[in-house]
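In: sequence plus the predicted model coming up.
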Amino acid sequence: MKEKLTLTVERSAIAQAKKIARRNGTSLSQMVEDQFRKLARGSFTERWYGKFKVPPANRNDPRLMHLLRKYVHNR
């Protein structure tokens, strides 16, 4: 069920948002709702954190050693 929400926003921001909504063929209300849903989902990092297992570092891997020399040990 939809409910009404009152927001206080700068006039210039409203004008820009209305142009974007018109350009995208949507309503300002739908744009705001979409943004709220994106915020509720969390960031990409928050959603994927801990989903992958990182294998232990293999010191015999020449690619790893190259990256360590290039980015870690030269600081």
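Out: Sure, I can see it.
In: and the lowest-mean-pLDDT helix or strand in the chain, what's buried?
Out: The helix or strand of the chain with the poorest confidence is helix 44-48; it has a mean of 86 (mean pLDDT, DSSP states H and E). By 16 or more other CB atoms under 10 Å, helix 44-48 has no buried positions at all. For glycine as for every other residue, the C-beta is placed from the backbone atoms N, C-alpha and C.
In: how much space separates Arg41 from Asp34?
Out: Note on Arg41: its distance to Asp34, by CB to CB, to the nearest Å, is 11 Å.
In: what's the closest non-adjacent residue to Gln30?
Out: For Gln30, the nearest residue in space outside its immediate sequence neighbours is Ala21; the separation is 7.6 Å by CB to CB, 6 or more residues apart in numbering.
In: what residues sit buried inside whichever strand or helix holds the one you found?
Out: Assigned by DSSP states H and E, Ala21 belongs to helix 11-24. When burial is assessed from 16+ other CB under 10 Å, helix 11-24 yields the following buried residues: Ala21.
In: beyond it, next helix or strand please.
Out: helix 28-41.
In: I'd like to know which elements that next one is packed against.
Out: Counting contacts by 3 or more CB pairs under 8 Å, 6 or more residues apart in numbering; DSSP states H and E, helix 28-41 packs against helix 11-24.
In: and the residue nearest to Gln30, how far is that from Arg63?
Out: 47 Å.
In: same check, this time on Lys53
Out: The span separating Lys53 from Arg63 equals 19 Å under the rule CB to CB.
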